[in-house]
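In: Structure of the sequence below:
(one chain, ligands or ions: 1)
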Amino acid sequence: MTTLFDRYDLAGRILKNRLVMAPMTRARAKNGIADAQTALYYSQRAGAGLIVTEGTPISQEGQGFAYVPGIWSEEQVKGWRLTTDAVHGEGGTIFAQIWHVGRMSHNSLQPGGKAPVSATAQPARDANSMAFAFDDQGEPGFIQASVPRALGTEEVKRVVNDFANAATNAAEAGFDGVELHGANGYLFEQFLNPTVNDRTDRYGAATMEDRTRFLLEVVDAAIERIGSARVGIRLSPYGQLFQMAHYPEIEATYLHLAAELSKRNLAYVHFMDQGSRGSSPMPVGFLQSFRAAYSGTLILAGGLDQTKAESLVRDGLINLPAFGEPFIANPDLAERFRQGWPLAQADRDSFYGGTTLGYTDYAAYRDLAAWPNAAPAARSI
Ligand SMILES: Cc1cc2nc3c(=O)[nH]c(=O)nc-3n(C[C@H](O)[C@H](O)[C@H](O)COP(=O)(O)O)c2cc1C
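Out: The predicted structure follows:
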């Protein structure tokens, strides 16, 4: 019987087990460059079969969060190289999650203080629609996202190209692949969702083909640069984060994507079920339909524990389970699952920004057990 600890062939790359570390923004890169601390953080978690990095912006325009490490400049590529070398040194596999937030940004993060860009000129205006940006006094904090500007039809190509360049940069930085961030209300969803996309051009809301065109153009451009086996994509069907209202054709839209993405032989599709984060959960029936329609590797994240993960894999609904929060406080999560060791709880106050506290100071269980008094900060188990 297959277990979570069996190896897995991910488009020709052998993962040492089936546990995926989900992408998590930690906002500790003061100058936007991944550094030695970033490398330490990821190498501590290299017991995962696959690590997906925090979202890394493809351009300054794509950034909606201060202090996140980007992947558009040479220095940023050099910075990420420390991480990929460290993870590979531990026998791990690591994909970079490449990210454009679209309208979920703020003028203070944009080149020249300009408006963020999106599929639409309508801002997200619910209480959660915040960017982590700078106020008038230059102080960082959560601020209402700014009013965006709709990308011109020809300009969309430039953003497609920015994604393609980020894929090339990721390969140069030593990543095993990229994950396009098509989830959680960011730029791809702003095109996909007809309650947000109010365009009338070939990327507009009139047809499903038009709404999915931008996403598929980026997928194709990334494949052209680094090959399909190195391109994955994250999606969050039924997610409502950042004012993504439900619409009647959700299932049809994602089944259309299932068919299109199956043709392209991607490394994987990675679902985030936002049910564990306050949105309505992804219906089980939808997961079954997508599974039937999509021929490649399917990853799922969102409120999983070991038991749920095992049963989803056993039932053939997914290939690989992904874990977010549990990987923050349990760098050795795979080993804890394998041994039945207890899990530590993450300190939510230190999720974003700050120092090495709550970042690289969570100990492996083996070290905690051997050196209980020496354990740094000994974040509770
Ligand atoms: C601190 C934190 C930061 C996150 N940042 C990202 C991100 O950059 N990109 C993304 O796609 N999801 C992000 N997520 C969502 C996680 O990838 C994951 O899907 C979510 O936490 C649900 O999984 P879990 O219940 O195992 O934590 C983040 C979650 C947390 C807790």
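
In: For the closest residue to the ligand within the chain, which non-adjacent residue is spatially closest?
Out: Of all residues in the chain, residue 324 sits closest to the ligand, at 2.8 Å by CB to the nearest ligand atom. Bear in mind the C-beta positions are built from the backbone N, C-alpha and C, glycine included. Nearest residue to residue 324, sequence neighbours excluded (CB to CB, 6 or more residues apart in numbering): residue 22, at 4.0 Å.

In: Now for the one you found, how many residues are close by?
Out: Neighbourhood size, residue 22 [other CB atoms under 10 Å]: 26.

In: hmm, back to that, so how far is residue 301 from the residue of the chain closest to the ligand?
Out: Distance, residue 324 to residue 301, by CB to CB, to the nearest Å: 6 Å.

In: shared neighbours, those two?
Out: Counting by CB atoms under 8 Å, 6 or more residues apart in numbering, the contacts common to residue 324 and residue 301 are residue 22.

In: Can you give me the neighbour number for the residue of the chain closest to the ligand?
Out: 20.

In: Can you give me every residue that contacts it?
Out: Taking CB under 8 Å, 6+ apart as the definition, contacts of residue 324 comprise 21, 22, 23, 24, 301.

In: among those, which are in reach of the ligand?
Out: When the contacts of residue 324 are checked against the ligand using CB under 6 Å from any ligand atom, the ones in range are 22, 23, 24, 301.

In: Please state the backbone phi and psi of the nearest residue to the last one once chain neighbours are set aside?
Out: In space, and not counting its chain neighbours, residue 301 is closest to residue 322: 3.6 Å by CB to CB, 6+ apart. Reported as degrees, to the nearest 10, the phi and psi values for residue 322 are phi -120, psi 150.

In: what does the one 5 residues further on give?
Out: Geometry field for residue 327 lists phi and psi as phi -80, psi -20, criterion degrees, to the nearest 10.

In: Could you do the one 3 residues further on as well?
Out: Listed backbone geometry of residue 330 is phi -130, psi 80, with angles given as degrees, to the nearest 10.

In: count of neighbours near it?
Out: Residue 330 has 27 neighbouring residues, counting by other CB under 10 Å.

In: ok so, going back, of the contacts of residue 324, closest to residue 316?
Out: For those, the residue nearest residue 316 by CB to CB is residue 301; the value is 17.9 Å.

In: what about that closest one, how many neighbours?
Out: The burial count for residue 301: 26, using other CB under 10 Å.

In: how about the residues of the chain near the ligand?
Out: So the chain meets the ligand at 22-25, 54-55, 97, 181, 183-184, 234, 272, 276, 301-304, 323-326, 351 (CB under 6 Å from any ligand atom).

In: Just the buried ones among the residues you listed, please.
Out: Neighbour-count burial (16 or more other CB atoms under 10 Å) is assigned, among the residues of the chain next to the ligand, to 22-25, 54-55, 97, 181, 183-184, 234, 272, 301-302, 304, 323-324, 326, 351.

In: Now, those that are in helices?
Out: Counting by DSSP state H, those place residue 326 in helices.

In: Give me the three-state assignment for the residue lying closest to residue 172 once chain neighbours are set aside.
Out: In space, and not counting its chain neighbours, residue 172 is closest to residue 77: 5.4 Å by CB to CB, 6+ apart. At residue 77 the chain is in helix, as set by DSSP: H, G, I helix; E, B strand; the rest coil.

In: Quick check: residue 77 vs residue 249, distance?
Out: 39 Å.

In: neighbour count winner among those two?
Out: Neighbours per residue (other CB under 10 Å) separate residue 77 from residue 249, with residue 77 holding more: 22 against 12.

In: Enumerate every residue touching that one.
Out: Counted by CB under 8 Å, 6+ apart, residue 77 has contacts 71, 169, 172, 173.
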